[in-house]
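Asker: When you get a sec, could you give me coordinates for this:
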Amino acid sequence: MMLKNVFCRIFQAGFALGALLLPWRKPERVTGPGSLGRLPELLAEAGCKKPMIVASRRQCAAPEFMAMTEKLTAWSVFSSVTANPKTETVEQLVEQFLAEGCDSMVAIGGGSPMDAAKAAAARLARPDRTLEQMKGLLRVRRRIVPFAAVPTTAGTGSETTIAAVVTDEQHHKYAVGDLCLIPRWAVLDPVLTASLPASVTAETGMDALTHAVEAYTNKLYNTRETRKLARQAVEAIFRYLPAACTDGDDLQARQELLTASFRAGVAFTRASVGNVHAVAHTLGGLYDVPHGRANAVLLPVVLEEYGAAIHRRLAELADVVGLCPEGSVAEKAGAFIDAIYEMNGKLGIPTGFACIREEDLPQMAAWAEAEANPVYPVPVIFDSRRFIRVMRRVMQ
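Answerer: Numbering: from 1, shown residues only. So this is what the prediction gives:
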């Protein structure tokens, strides 16, 4: 294990140095109530004549969607993306894009439509490669078609990130990650999130919190900007997520959460996620557990598993949200973890999963370890035994 840890840290240090040379960028952000209506003009200015719109049937029936499409001269819709999008769905999207002569991509929805659309954009850019061959980091390396991401949940951050997460036929969930997959536009229209049920608002908000906390507590890849954005996201989520769950029509809270999700997305795009995500992806791939729910349940458990290695960073986040002002570093860290447990409880998020089978644990641990090591610059590197220990803590 010691040699594995040394290898992981050497890899991460090398990647951190290499990242200084990469052309990092952010999407152009379009915000405010009604901002979806500005998208046709942006597409036209970019020379796009027929976008492929990836959206659910419910989104296609929304008045905001219909008003937007009335401004387009031509468009095609793909509405067959399910949660935890499958690689076969991505291939269907590519086939339709080519058959209908589309020239750009618009993804409207949560993380699943955006992941599927980004994966399809990668396949269109590299028709000579399968998604499996592009798994991991920086294996696309071609410009994708003009891409607009329109989140209808405030959580995934996919509108900012380099990643497209898909699930293969063996129920293995993995990411294709490359800077070319960062969308050109991110449309943050709070009206589109106002109809979300409180449960979905809660789970996606906790997804964004996980992004911010993991980005902030990771080693090596962080910058001054990513830490600032992560702190801002944490503060906003603690302040506005309960309000949005209580009153779904609170557009100020909705806009603040969309902005927090965007900031957390920018932060973890550069600083990376960690072991929470490594385990959450196994739950999504094997059992179709919604990603935000998996992250919400796992976040405080994994933070506890890190122990003292993470106390200083968690104490700083405790200060951001005004917890335990007179406490020691360890006490502040504990207060922050307790606050996550408390928020989960108030928002109706479960404490574990009845779906996890004992016989699946070795495979889940192997997948989690392969995803996390050596890429994720986590505070503590987990081996398969540590991953299994975490999974057992959330079994019901």
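Asker: Identify the residues contacting stretch 341-355?
Answerer: Here stretch 341-355 makes contact (Cβ atoms under 8 Å, 6 or more residues apart in numbering) with 198-199, 202-203, 205-206, 238, 241-242, 245, 283, 287, 289, 293-294, 296-297, 300, 393-396. Just so you know, the C-beta spots here come from the backbone N, C-alpha and C atoms, and that holds for glycine as well.
Asker: What residues does residue 284 make contact with?
Answerer: Contacts of residue 284 by Cβ under 8 Å, 6+ apart are 83, 84, 167, 173, 290, 291, 294.
Asker: Generate a ChimeraX selection restricted to the buried subset of those.
Answerer: The buried subset of the contacts of residue 284, as determined by 16 or more other Cβ atoms under 10 Å, is captured in ChimeraX by this line:
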select :84,167,173,290,291,294
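Asker: any chance of the contacts of residue 284 in a markdown table, with distance to residue 90 and secondary structure too?
Answerer: Conversion of these to a markdown table gives the following (distance: Cβ to Cβ, whole Å; DSSP: H, G, I helix; E, B strand; the rest coil):
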| residue | distance to residue 90 | secondary structure |
| --- | --- | --- |
| 83 | 14 | coil |
| 84 | 12 | coil |
| 167 | 10 | strand |
| 173 | 13 | strand |
| 290 | 19 | coil |
| 291 | 17 | helix |
| 294 | 21 | helix |
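Asker: Where does pLDDT dip in the stretch 1-150 of the chain?
Answerer: Within the stretch 1-150 of the chain, no stretch has pLDDT under 70.
Asker: for it, what spans make up the helices?
Answerer: 2-19, 39-45, 57-60, 63-69, 87-99, 111-125 (DSSP state H, counting those that start in this stretch).
Asker: Dump the shortest one to PDB, keeping only the CA atoms.
Answerer: Included here for helix 57-60 are C-alpha records, laid out as PDB according to Å, rounded to 0.1, in the frame of the first residue of the first chain:
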ATOM      1  CA  ARG A  57     -40.400  14.800 -23.000                       C
ATOM      2  CA  ARG A  58     -41.500  16.800 -20.000                       C
ATOM      3  CA  GLN A  59     -39.000  19.500 -20.900                       C
ATOM      4  CA  CYS A  60     -40.100  19.500 -24.500                       C
END
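Asker: which parts of it are buried?
Answerer: residue 59.
Asker: got it, and the fourth one?
Answerer: The neighbour-count check on helix 63-69 (16+ other Cβ under 10 Å) flags 64, 65, 68, 69 as buried.
Asker: and what of the first one?
Answerer: Neighbour-count burial for helix 2-19, counted by 16+ other Cβ under 10 Å, picks out 8, 12, 15, 16.
Asker: cool, stretch 82-93 as well?
Answerer: Quick answer for stretch 82-93 (16+ other Cβ under 10 Å): 84, 85, 86, 87, 89, 90, 93.
Asker: Skipping adjacent residues, who's closest to the second one in space?
Answerer: Taking Cβ to Cβ, 6 or more residues apart in numbering as the measure, residue 85 lies nearest to residue 116, with 4.0 Å between them; neighbours along the chain are not counted.
Asker: Pull the number of nearby residues for that neighbour.
Answerer: Look at residue 116: counted by other Cβ atoms under 10 Å, it has 27 neighbours.
Asker: Please report the distance of it from residue 379.
Answerer: Residue 116 sits 32 Å away from residue 379, going by Cβ to Cβ, to the nearest Å.
Asker: How about residue 23?
Answerer: In terms of Cβ to Cβ, residue 23 sits 28 Å off from residue 379.
Asker: These two: which is more packed in?
Answerer: residue 379 (22 against 7).
Asker: Which neighbouring elements make contact with the lengthiest helix in the chain?
Answerer: For the chain, the longest helix by residue count, based on DSSP state H, is helix 224-246. If contacts are counted by 3 or more Cβ pairs under 8 Å, 6 or more residues apart in numbering; DSSP states H and E, helix 224-246 sits against helix 198-217, helix 251-271, helix 311-320, helix 329-346.
Asker: can you tell which of those helices is closest to residue 190?
Answerer: helix 251-271 (3.7 Å; Cβ to Cβ).
Asker: Now the closest one: buried residues?
Answerer: Neighbour-count burial for helix 251-271 [16+ other Cβ under 10 Å]: 251, 253-271.
Asker: cool, and stretch 337-350?
Answerer: Residues of stretch 337-350 classed as buried by neighbour count (16+ other Cβ under 10 Å): 337, 339, 340, 343, 344, 347, 349.
Asker: got a pLDDT number for the fifth one?
Answerer: Confidence at residue 344, expressed as pLDDT, is 98.
Asker: Distance of it relative to residue 206?
Answerer: Residue 344 is 7 Å from residue 206, by Cβ to Cβ.
Asker: Any chance you could list residues touching both of the two?
Answerer: In contact with both residue 344 and residue 206: residue 296, using Cβ under 8 Å, 6+ apart.
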